[in-house]
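>>> quick one, what's the 3D model for this:
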Amino acid sequence: MSRLASLVLVETSSPGNLGAALRVAANFGVPRVRLIAPRTDPDGEEVLRWACGALEHVALSVHPSLEEALAGIATVVGTASARGRENLPVLGPDRLAARLTARSGSVALVFGNETRGLPREALDRCDLVLRIPTAERFPVLNLAQAVAISVALVDPVLREPVPSGTPEPASHEAVEALMDHARRALLAIGFLDPVNPDRILRKLRRILGRAGATTEEVTILHGICRQILWAASNDLRPRDR
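Okay, here's the model as predicted:
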């Protein structure tokens, strides 16, 4: 059984792409497709025609936010082309496979809109980011193609037995709760720029994503954040001598 639990499509606008993505999910046994703010009617005739009966095998749902759609997921894999992503640590298929085999738990693949891809704020919430190798002169894939290729690359890896003792990362919502706690704590001691706190938080989120922080590790980091906030509220910050 595959650990690929869900495909998440953000602001999909083409009924053909949505229907084709549903068909891919059914082809590979992905049980759920979750939509964020779709720009086409999921029940539309063209969607159903492209899906070719896939909805008999796949649960389709619509969600108001990425956070809700990713509830219960251990590892979130975003997708991005190389174009305009120079500062984003993307992984090719081999490196992604190595990361996924080093952790257990459920996995979701997240795909962006046909014209803009995944927005930065969505990519910032992904633990890992996959780039499908393409020709440099024409790197952008059609959404339905990207879904099919990504699932075909990832699904076999996630069907391999997980070795005993392989750690399961904390859930997506647990990590995001930690990031909110870290934001408050690091702002309290002046570590973050209050005008642009996300510059550092983005890097911290990627560290946690790459590490696959476990529930116990997230709990420890919450404790550190609580202590920072306590020290800041009691004015226990170190002073220059």
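>>> sheet partners, orientation included, of the longest strand anywhere in the chain?
As assigned by DSSP state E, the longest strand anywhere in the chain is strand 4-10. Next to strand 4-10 in the sheet, as set by DSSP bridges, lie strand 32-36 (parallel), strand 107-111 (parallel).
>>> helix or strand with the lowest mean pLDDT in the protein?
Least confident helix or strand, the chain: helix 120-123 with a mean of 88, by mean pLDDT, DSSP states H and E.
>>> can you list the domains in this protein?
Split into domains by automatic domain parsing, the chain comes to 4-159, 172-233.
>>> any weak-confidence spans in this protein?
Residue ranges of the chain with pLDDT under 70: 82-88, 236-241.
>>> turn the strands paired with strand 4-10 into TSV, columns for distance to residue 161 and mean neighbour count.
From N, CA and C alone the C-beta is placed, and that goes for glycine too. Shown next, in TSV, are those (distance: least, CB to CB, whole Å; neighbours: other CB atoms under 10 Å):
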stretch	distance to residue 161	mean neighbour count
strand 32-36	23	22
strand 107-111	15	25
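>>> okay, those strands in TSV with distance to residue 144 next?
Output for the strands paired with strand 4-10, formatted as TSV (distance: least, CB to CB, whole Å):
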stretch	distance to residue 144
strand 32-36	13
strand 107-111	10
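>>> where along the chain do the helices fall?
15-28, 45-51, 66-69, 93-101, 120-123, 143-159, 172-188, 198-211, 215-233 (DSSP state H).
>>> between the ones you listed, which one is nearest to residue 114?
In terms of CB to CB, the element of the helices of the chain nearest to residue 114 is helix 143-159, at 5.0 Å.
>>> tell me how far residue 112 lies from residue 135.
For residue 112, the distance to residue 135 (CB to CB, to the nearest Å) stands at 21 Å.
>>> more neighbours: these two, which one.
residue 112 (23 against 6; other CB atoms under 10 Å).
>>> phi, psi for the more buried one please.
phi -100, psi -170 (degrees, to the nearest 10).
>>> quickly note the distance from it to residue 144.
13 Å.
>>> could you do residue 68 as well?
In terms of CB to CB, residue 68 sits 24 Å off from residue 144.
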